[in-house]
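Asks: following is a predicted model, sequence given first.
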Amino acid sequence: MKVSLQSGLLSSTRREQIAHQFAMSDLVLPFWGYRKKMPMHQIVRLEGEGNYTVFHFADGTQLMVSLTLKKLESRLSPKVFVRPHKKNIINLLYLESINPDRQQLSVSLLNGDRVDVSRRKATAFMQHLRGFQKELVLLETQPELAVAA
């Protein structure tokens with residue numbers, strides 16, 4: 001179950017370029033009585049806390065909103081965001097490594113977080129990751145074709 005990861009080697013400007021090519025727009029979130037725009041490419045992961053969701057951003061900040069993970073999942077880019085566990089959604093642009101274990105598969109993110117992958121979702125997660133890696137390779141070799149895809 002060895003997967004070579006390219007996303008961990010991306011610079012922040014390259015992440016922004018990829019986000020633009022994947023058409024990752026800003027996410028509008030309710031925040032203390034008004035709406036706040038958050039750039040989707042800066043979200044490292046989302047963590048479910050009951051009826052609330054905690055956003056973990058690349059700069060180390062966190063934001064809690066009163067929306068469930070299920071509601072937010074449909075607003076995120078399905079090419080880049082994946083839900084490996086019922087309590088987490090991760091941004092594959094910030095994936096650093098995969099930690100296969102006999103008991104539990106987990107992933108490490110660039111901000112130092114470690115997220116478990118559900119046993120039931122492990123196969124689908126790995127397929128999604130392989131597809132994402134193919135998209136990255138396509139973007140590197142033929143950027144004009146990847147935008148149209």
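Replies: Noted; the coordinates are in hand. Keep in mind it's a predicted model, so treat the numbers as computed, not measured.

Asks: look up how far residue 138 lies from residue 47.
Replies: 31 Å (C-beta to C-beta, to the nearest Å). For glycine as for every other residue, the C-beta is placed from the backbone atoms N, C-alpha and C.

Asks: more neighbours: which of these two?
Replies: residue 47 (19 against 15; other C-beta atoms under 10 Å).

Asks: give me the phi and psi for the residue lying farthest from the centre of the chain.
Replies: No residue in the chain sits farther from the centre than residue 33, which is 26.8 Å out by C-alpha atoms, centre = their mean. Main-chain torsions, residue 33, degrees, to the nearest 10: phi 90, psi 0.

Asks: check what pLDDT it gets.
Replies: With respect to pLDDT, residue 33 scores 79.

Asks: can you show me the helices along this structure?
Replies: Under the criterion DSSP state H, the chain contains helices at 12-21, 69-73, 122-141, 143-148.

Asks: can I get the third one in PDB? Just the C-alpha atoms.
Replies: So the one you mean is helix 122-141. Extracted C-alpha coordinates of helix 122-141, given in PDB (Å, rounded to 0.1, in the frame of the first residue of the first chain):
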ATOM      1  CA  ALA A 122      -9.600   3.000   3.400                       C
ATOM      2  CA  THR A 123     -10.000   1.500   0.000                       C
ATOM      3  CA  ALA A 124     -12.100   4.400  -1.400                       C
ATOM      4  CA  PHE A 125      -9.600   6.800   0.200                       C
ATOM      5  CA  MET A 126      -6.600   5.200  -1.500                       C
ATOM      6  CA  GLN A 127      -8.500   5.200  -4.900                       C
ATOM      7  CA  HIS A 128      -9.300   8.900  -4.400                       C
ATOM      8  CA  LEU A 129      -5.700   9.600  -3.500                       C
ATOM      9  CA  ARG A 130      -4.400   7.800  -6.600                       C
ATOM     10  CA  GLY A 131      -6.800   9.800  -8.800                       C
ATOM     11  CA  PHE A 132      -5.600  13.000  -7.200                       C
ATOM     12  CA  GLN A 133      -2.000  12.100  -7.800                       C
ATOM     13  CA  LYS A 134      -2.700  11.400 -11.400                       C
ATOM     14  CA  GLU A 135      -4.400  14.800 -11.700                       C
ATOM     15  CA  LEU A 136      -1.300  16.500 -10.200                       C
ATOM     16  CA  VAL A 137       1.000  14.700 -12.700                       C
ATOM     17  CA  LEU A 138      -1.300  15.800 -15.500                       C
ATOM     18  CA  LEU A 139      -1.200  19.400 -14.200                       C
ATOM     19  CA  GLU A 140       2.600  19.300 -14.200                       C
ATOM     20  CA  THR A 141       3.000  17.800 -17.600                       C
END
